[in-house]
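Q: Mind folding the following:
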Amino acid sequence: MVFYTTNLFKGVRCPERNCQILNCIFGHHEDEHVVQEEKGSERNHVPTRNSPTTSPKTVCQGVVGILNSGSKSSCTYTKAQPEEDPSAAQRLPSTNQEVTEKISPLPSSHPEAPPAKRRKISSTGSDAVNATSNDVVTPRSNLLGPNKSSQTSLGNGKKESKSAAKADPERLVPRRVPIDPVPFSKRLLYLQHLHAEMARLNSLSPKGGLIPKQQTIKMALNEEERLALEKGSVYANVLKLRISAYKKMKFPDWESHVKSLRTDKTTNPKPRDTGVSPSEELSIARTLVVTDQSALAKHGYIPTPPNEAAAQEAAAAVLASKNYEICERCAARFQVFPDRDASGRLTSNGPCRYHPLRKVQPMPSKADTGPREASYPCCGQTVGNDGCTTAEWHVFKASSPARLAAVLPFVNTPEIDNALQDAQGKPVDAIVFDCEMGFTTLGMELIRITALSWPGGDVLIDALVRPFGIILDLNSRFSGVWPQQFANAVEIEAADIRPSPKIRLAVEGAQSRPSSKTLPMLKSPLAARAALLAYATPKTILIGHAIENDLNAIRLCHPLIIDTVLLFPHPKGLPMRCGLRALAEKFLGKIIQSGEGGHDAAEDAQVTGELVRAEVGKRARLGLKEKQVKAAKAKA
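A: The predicted structure follows:
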């Protein structure tokens with residue numbers, strides 16, 4: 001006997017509220033109504049000669065209307081109107097209705113999902129490209145916070161209004177994640193048990209409920225989603241332990257748990273206490289300096305400046321190739337026009353279609369019968385499909401030392417006698433800095449630089465930088481630099497930059513979009529390097545996360561560096577690296593880079609400095625214990 005999967009799940013409501021799938025196997029709010037009416041009418045009505053029927057022509061016109069949305073013709077769907085059967089009211093409900101009532105886990109009080117939108121198919125030339133809109137699920141730092149969903153649209157797709165999304169209450173259905181750790185039915189079962197325990201604890205409040213019922217649903221959804229994203233193969237075990245913990249939890253513990261979730265970790269961060277003085281912190285930090293940078297040359301570090309002959313040879317090679325490059329995003333071959341061509345183009349080969357997020361490999365499961373294809377979490381498409389995002393120009397990145405030196409020569413940190421001091425008038429012995437880069441016709445160039453004194457945290461430099469080449473893409477998603485900032489910036493000289501006292505960058509970066517900050521602009525990357533070298537000498541420690549990228553952006557070779565990538569190494573070693581966001585959450589308990597405005601160089605620099613202070617405090621405590629042990633042995 002063969003079972004057809006088309007209608008097996010029509011009695012189960014689709015877990016995706018705004019389903020975009022044309023032939024979804026789950027039931028939808030419109031589909032269930034139509035299917036139930038049609039099924040009932042087929043059983044309760046016997047066609048006669050005079051009974052109205054649906055014309056095959058009407059059905060064909062409806063299908064053609066879906067597939068030919070590009071044409072101007074409109075299609076009307078006409079539903080058959082069966083005659084009333086007086087005996088139908090006395091009959092039992094249809095089997096489809098009974099299955100719907102028994103299987104659906106949702107209470108009737110929850111509103112039904114909005115009807116699924118049909119996706120439009122637009123044709124370009126002879127090829128038709130499907131434009132869909134997919135939800136990008138991101139873990140939430142605050143489990144009781146508002147439910148925000150970001151969407152990545154293809155082509156000219158319209159985004160739904162945020163106010164409508166907020167007004168629609170969430171249902172107790174697992175949110176979609178890039179890779180499901182277990183089948184959907186299991187996730188739904190775990191979520192129901194998790195919410196049941198939370199609702200039980202919430203009902204123990206003397207006031208009838210510590211938090212609203214809808215808030216408990218959001219809390220359960222957030223926790224289940226976070227575990228689905230982070231735990232992978234151990235998702236089921238961890239979630240069972242969480243359910244067991246809620247079963248054993250008493251109301252006072254539940255009350256404190258809810259209060260802790262309401263507290264934003266990024267608000268009013270307490271300064272880290274290392275237990276030693278600033279001078280002792282500097283002494284310990286000198287033991288963290290990278291001793292041999294030449295061993296890191298294969299990972300992108302440039303310990304010595306390339307010679308002038310190598311730079312000239314690289315420049316000649318670029319001219320000989322007629323500025324043909326490989327796109328960093330879509331891997332297409334294109335030509336760069338540094339001064340625009342006759343038609344005003346900056347690059348050839350049309351617009352760039354790419355995936356903004358890197359591909360991910362699905363977790364293996366016991367049910368797999370073969371290898372599973374990698375997919376892109378931004379849109380859910382498998383590798384090999386066209387990109388889900390379109391940019392006007394292709395972009396490229398030059399990484400060889402000689403090619404970088406052809407744009408701006410590298411220099412060693414020079415000796416200076418009158419180095420600038422911080423806002424307190426003290427010498428700057430260590431600097432933590434971060435650079436943001438954007439794509440130009442000359443490759444990837446510096447567009448923002450932020451430098452802070454360490455361990456004090458005074459702001460030495462925080463400015464935008466005008467690159468040498470014409471800007472192709474500010475890479476705002478990651479750089480946090482937006483066109484509005486460039487338009488509002490006032491150009492200044494490097495000598496006009498003055499240090500300012502320590503500010504609460506973490507709070508500002510977490511609560512406001514970086515584009516709202518008004519920053520001065522340095523006229524070139526050369527001016528940005530001069531501003532940094534006004535504070536730094538060869539004896540100054542430079543601190544950064546993946547600091548080779550920052551040093552290469554300003555074309556600087558420095559002898560004393562501390563890199564948090566090396567300080568907190570990845571378990572697999574280089575070239576694998578731990579991200580700054582993961583390190584901040586693990587060692588500092590801070591959530592950074594979580595807003596829609598992109599990264600904030602000031603926030604990244606401050607967090608990098610805090611990570612180094614955390615390591616310094618750890619080593620200071622270890623040294624104190626060793627001294628105590630030695631003292632105890634001496635007394636004995």
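
Q: Give me the domain ranges for the protein.
A: 1-46+56-133, 138-149+169-262, 278-305+410-621 (automatic domain parsing).

Q: want to throw those domains into JSON lines with mean neighbour count and distance to residue 402?
A: Every C-beta, even on glycine, is put in place using the N, C-alpha and C of the backbone. Output for the domains of the chain, formatted as JSON lines (neighbours: other Cβ atoms under 10 Å; distance: least, Cβ to Cβ, whole Å):
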{"stretch": "domain 1-46+56-133", "mean neighbour count": "13", "distance to residue 402": "40"}
{"stretch": "domain 138-149+169-262", "mean neighbour count": "16", "distance to residue 402": "39"}
{"stretch": "domain 278-305+410-621", "mean neighbour count": "19", "distance to residue 402": "10"}
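
Q: Now tell me which of those the model trusts least on average.
A: Mean pLDDT per stretch puts domain 1-46+56-133 lowest among those, at a mean of 50.

Q: Mind putting the domains of the chain into a markdown table with distance to residue 338?
A: Shown next, in a markdown table, are the domains of the chain (distance: least, Cβ to Cβ, whole Å):
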| stretch | distance to residue 338 |
| --- | --- |
| domain 1-46+56-133 | 29 |
| domain 138-149+169-262 | 37 |
| domain 278-305+410-621 | 5 |
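
Q: Tell me which of those lies nearest to residue 368.
A: domain 138-149+169-262 (12.4 Å; Cβ to Cβ).

Q: My guess is residue 197 contacts residue 243. True?
A: Yes. Residue 197 lies in contact with residue 243 (Cβ atoms under 8 Å); the separation is 6.0 Å.

Q: rewinding a little: which of the domains of the chain sits closest to residue 379?
A: domain 1-46+56-133 (7.5 Å).

Q: what about the helices in the stretch 451-600 of the chain?
A: Ranges of helices in the stretch 451-600 of the chain, per DSSP state H, counting those that start in this stretch, are 476-479, 483-488, 505-511, 525-533, 547-554, 564-567, 580-583.

Q: Now render those helices as JSON lines, adding distance to residue 205.
A: Shown next, in JSON lines, are these (distance: least, Cβ to Cβ, whole Å):
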{"stretch": "helix 476-479", "distance to residue 205": "42"}
{"stretch": "helix 483-488", "distance to residue 205": "46"}
{"stretch": "helix 505-511", "distance to residue 205": "30"}
{"stretch": "helix 525-533", "distance to residue 205": "56"}
{"stretch": "helix 547-554", "distance to residue 205": "51"}
{"stretch": "helix 564-567", "distance to residue 205": "44"}
{"stretch": "helix 580-583", "distance to residue 205": "36"}
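
Q: With residue 299 as the reference, name the closest of these.
A: Among those, the nearest to residue 299 by Cβ to Cβ is helix 547-554 (7.2 Å).

Q: got the contact list for the closest one?
A: If you take Cβ atoms under 8 Å, 6 or more residues apart in numbering as the criterion, helix 547-554 is touched by 296, 299-302, 404, 433-435, 437, 444-446, 449, 525, 528-529, 532, 542, 544, 557-558, 561-563, 565.

Q: quick revisit: any idea which of the domains of the chain gets closest to residue 347?
A: Nearest of these (Cβ to Cβ): domain 278-305+410-621, 7.1 Å.

Q: Endpoints of that closest one, how far apart?
A: 15 Å (Cα to Cα, to the nearest Å).

Q: Now do the lengthiest helix in the chain against helix 547-554, angle only.
A: Across the chain, the longest stretch assigned as helix under DSSP state H is helix 601-635. When axes from the mean of the first three to the mean of the last three Cα atoms, to 10 degrees is applied, the directions of helix 601-635 and helix 547-554 differ by 140 degrees.

Q: elements contacting helix 601-635?
A: Helix 601-635 sits against helix 278-285, strand 430-440, strand 443-453, strand 459-465, helix 505-511, strand 541-544, helix 564-567, helix 580-583, with contacts defined as 3 or more Cβ pairs under 8 Å, 6 or more residues apart in numbering; DSSP states H and E.

Q: Need the residues that contact the first one.
A: For helix 278-285, the surrounding residues in contact (Cβ under 8 Å, 6+ apart) are 274, 276, 429-430, 454-456, 541, 562, 612-613, 616, 619-620, 623.

Q: Could you identify the most distant pair in those?
A: Farthest-apart pair in the contacts of helix 278-285 is 456 and 623; separation 22.4 Å (Cβ to Cβ).

Q: Of the helices and strands packed on helix 601-635, which is nearest residue 472?
A: That would be, of those and by Cβ to Cβ, strand 430-440, which comes in at 4.5 Å.

Q: Direction included, what does the closest one pair up with?
A: Using DSSP bridges, the strands paired with strand 430-440 are strand 443-453 (antiparallel), strand 471-473 (antiparallel), strand 541-544 (parallel).

Q: out of these, nearest to residue 385?
A: With respect to residue 385, and counting by Cβ to Cβ, the nearest of the strands paired with strand 430-440 is strand 471-473 at 21.9 Å.

Q: So what touches that closest one?
A: 346, 347, 391, 393, 394, 395, 438, 439, 440, 441, 447.

Q: Next: stretch 241-248.
A: So stretch 241-248 is contacted by 190, 193, 194, 197, 198, 201, 223, 227 (Cβ under 8 Å, 6+ apart).

Q: Report all helices and strands that the host helix or strand of the last one contacts.
A: It stands for residue 227. Per DSSP states H and E: residue 227 is located in helix 213-230. Under the contact definition 3+ Cβ pairs under 8 Å, 6+ apart, helix 213-230 sits against helix 184-203, helix 235-248.
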